[in-house]
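Participant: can't give you the sequence, but here's the structure:
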Ligand SMILES: Nc1ncnc2c1ncn2[C@@H]1O[C@H](COP(=O)(O)OP(=O)(O)OP(=O)(O)O)[C@@H](O)[C@H]1O
Ligand SMILES: [Mg+2]
């Protein structure tokens with residue numbers, strides 16, 4: 001997992017506001033001093049998104065988390081311009097989409113974005129294949145080609161064998177899978193998912209989270225994922241933005257959020273998360289003395305994931321950082337066993353570099 005800082009910026013938001021209310025149109029003229037929640041409430045204005053600003057790196061999974069009503073969906077809709085922000089700039093590869101005309105905006109959405117909504121509606125009179133193929137047919141692709149692509153995607157999300165069922169003949173989880181497959185038909189660079197799994201039972205949810213991780217790793221996709229579930233955020237995110245009452249109060253890695261929560265509210269919220277589940281090996285390793293031998297562990301692994309290796313007898317653990325591997329040691333601890341998840345053969349071969357080697361390898 002490359003550092004956020006080492007990724008090129010794919011999407012950025014600058015000073016984004018979304019205000020609802022009878023005089024929302026006049027918001028731009030409002031002076032700074034009149035923009036507090038109290039001053040706005042006096043004038044019957046709701047700041048659903050208040051001065052949001054962040055940059056998302058290419059290939060990053062950026063999770064927006066917050067309680068119900070905190071502004072997550074509104075922010076997501078602003079980013080895709082499904083609703084017009086009241087103020088601010090939203091840049092895709094440096095281009096402000098708020099300045100785009102209708103046609104280039106539609107083009108951008110169709111060709112480069114995929115969206116899964118909180119309550120997305122499948123077309124009831126179309127089968128699984130018909131639903132997945134729909135965006136491609138809208139783009140003018142002929143039916144056979146669109147269905148062939150839809151068939152591939154149905155397989156990707158585990159719906160093989162159910163291609164000809166109608167939505168009413170599918171379970172909730174299967175319907176969600178159709179929505180996910182449909183959002184991927186155009187192989188989007190930007191993938192927006194708004195609480196896609198909130199209505200599902202924990203097992204299906206865990207399955208689909210794993211699916212999202214797999215799809216994310218298959219292609220370099222910039223993913224913006226809304227959830228109110230801390231476990232889901234920790235599992236999926238490179239970084240998480242925490243929203244409270246329309247404001248982003250903290251942005252950081254799951255590890256940073258859990259170890260250094262910015263607000264009292266969030267501190268109480270994360271108090272129950274065991275630190276070993278979020279603290280990564282890269283945070284605790286030290287420089288090695290000389291070359292190290294032994295099977296590696298990933299710098300991105302959590303302490304909980306490598307715990308059995310730490311407690312087993314043996315020497316230090318060798319730590320690799322992605323494909324541009326570096327080595328370091330977890331001193332005084334066990335040599336690890338082979339078969340570490342997520343390490344490529346290339347990483348193993350190139351794993352003799354010293355700590356401090358650049359974290360350059362993008363997730364591919
Ligand atoms: N069209 C609208 N008109 C007026 N207020 C709105 C409108 N849409 C959203 N809001 C308000 O904006 C705030 C943020 O809503 P939003 O739907 O973004 O929250 P959310 O974080 O996605 O919540 P949830 O987790 O329940 O989906 C809420 O107070 C909501 O009532
Ligand atoms: Mg919402």
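Facilitator: Cool, the structure landed. Remember, it's a predicted structure, so these values are computed and weren't measured experimentally. Ligands and ions are numbered 1, 2, ... in the order given.

Participant: show me where pLDDT drops low in the stretch 1-150 of the chain?
Facilitator: 1-5, 120 (pLDDT under 70).

Participant: Can you point out the buried residues in the longest helix seen in the chain?
Facilitator: Across the chain, the longest stretch assigned as helix under DSSP state H is helix 202-218. Of all the residues in helix 202-218, those buried under the rule 16 or more other C-beta atoms under 10 Å are 204, 205, 208, 209, 211, 212, 215, 216. C-beta coordinates here come from the backbone N, C-alpha and C atoms, glycine included.

Participant: Looking at those residues, which one is closest to residue 138?
Facilitator: If you rank the buried residues of helix 202-218 by distance to residue 138 using C-beta to C-beta, residue 215 comes first, at 21.9 Å.

Participant: For residue 50, which non-adjacent residue is closest in space?
Facilitator: Counting by C-beta to C-beta, 6 or more residues apart in numbering, residue 50 lies nearest to residue 246, which is 4.0 Å off, once chain neighbours are set aside.

Participant: who does the helix or strand following the longest helix of the chain touch, helix- and strand-wise?
Facilitator: Sequence-wise, the next helix or strand downstream of helix 202-218 (DSSP states H and E) is strand 222-227. With contacts taken as 3 or more C-beta pairs under 8 Å, 6 or more residues apart in numbering; DSSP states H and E, strand 222-227 sits against strand 9-21, strand 45-57, strand 61-66, helix 72-79, strand 190-194, helix 202-218, helix 230-236.

Participant: What pairs with the first one, parallel or antiparallel?
Facilitator: In this case it means strand 9-21. In the sheet, strand 9-21 lines up against strand 45-57 (antiparallel), strand 87-92 (antiparallel) (DSSP bridges).

Participant: Put together JSON lines for the helices and strands packed on strand 222-227, with distance to residue 242 on each row.
Facilitator: What follows is the helices and strands packed on strand 222-227, written out as JSON lines (distance: least, C-beta to C-beta, whole Å):
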{"stretch": "strand 9-21", "distance to residue 242": "15"}
{"stretch": "strand 45-57", "distance to residue 242": "11"}
{"stretch": "strand 61-66", "distance to residue 242": "6"}
{"stretch": "helix 72-79", "distance to residue 242": "10"}
{"stretch": "strand 190-194", "distance to residue 242": "16"}
{"stretch": "helix 202-218", "distance to residue 242": "19"}
{"stretch": "helix 230-236", "distance to residue 242": "9"}
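
Participant: which of these is buried the deepest?
Facilitator: Of all the helices and strands packed on strand 222-227, strand 61-66 carries the top mean neighbour count, a mean of 25, counting by mean count of other C-beta atoms under 10 Å.

Participant: could you say what helices and strands that strand packs with?
Facilitator: Packing partners of strand 61-66 (3+ C-beta pairs under 8 Å, 6+ apart): helix 72-79, strand 222-227, helix 230-236, strand 239-244.

Participant: can you list contacts of the third one?
Facilitator: Read it as helix 230-236. Residues outside helix 230-236 that contact it (C-beta atoms under 8 Å, 6 or more residues apart in numbering): 61, 63, 65, 197, 205, 209, 212-213, 225, 227, 240, 254, 258, 269-270, 273, 277-278.

Participant: Who does residue 252 form a beta bridge with?
Facilitator: residue 240.

Participant: thinking again about what came up before, going by mean pLDDT, which of the helices and strands packed on strand 61-66 comes out lowest?
Facilitator: Mean pLDDT per stretch puts helix 230-236 lowest among these, at a mean of 89.

Participant: Quick one: distance of that helix to the chain centre.
Facilitator: Its chain's C-alpha centre and that of helix 230-236 lie 10 Å apart, by C-alpha atoms, centre = their mean, to the nearest Å.

Participant: Let me know whether that helix sits next to ligand 1.
Facilitator: No - judged by C-beta under 6 Å from any ligand atom, helix 230-236 stays clear of ligand 1, getting no closer than 12.7 Å.

Participant: Closest to ligand 1 out of the buried residues of helix 202-218?
Facilitator: residue 205 (15.9 Å; C-beta to the nearest ligand atom).

Participant: and that closest one, what pLDDT?
Facilitator: At residue 205 the predicted local distance difference test score is 80.

Participant: Nearest spatial neighbour of it, chain-adjacent residues omitted?
Facilitator: Distance criterion C-beta to C-beta, 6+ apart; nearest residue to residue 205, sequence neighbours excluded, is residue 197 at 4.6 Å.

Participant: how many neighbours does the one you found have?
Facilitator: Other residues near residue 197 come to 25 when the count uses other C-beta atoms under 10 Å.

Participant: What residues does it make contact with?
Facilitator: 176, 204, 205, 208, 209, 227, 232.

Participant: repeat that with 10 Å
Facilitator: Counting by C-beta atoms under 10 Å, 6 or more residues apart in numbering, residue 197 touches 116, 172-173, 176, 180, 204-209, 211-212, 225, 227, 229, 232.

Participant: quick one: which helix or strand includes it?
Facilitator: Under the criterion DSSP H and E, no helix or strand holds residue 197.

Participant: Backbone dihedrals for residue 159, both of them.
Facilitator: phi -110, psi 10 (degrees, to the nearest 10).

Participant: Could you report the neighbour count for residue 196?
Facilitator: As a burial measure, residue 196 scores 26 neighbours (other C-beta under 10 Å).

Participant: how far away is it from residue 103?
Facilitator: Distance, residue 196 to residue 103, by C-beta to C-beta, to the nearest Å: 29 Å.

Participant: picking up where we left off before, export the buried residues of helix 202-218 to TSV and append columns for distance to ligand 1.
Facilitator: Shown next, in TSV, are the buried residues of helix 202-218 (distance: C-beta to the nearest ligand atom, whole Å):
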residue	distance to ligand 1
204	20
205	16
208	18
209	18
211	22
212	19
215	23
216	22
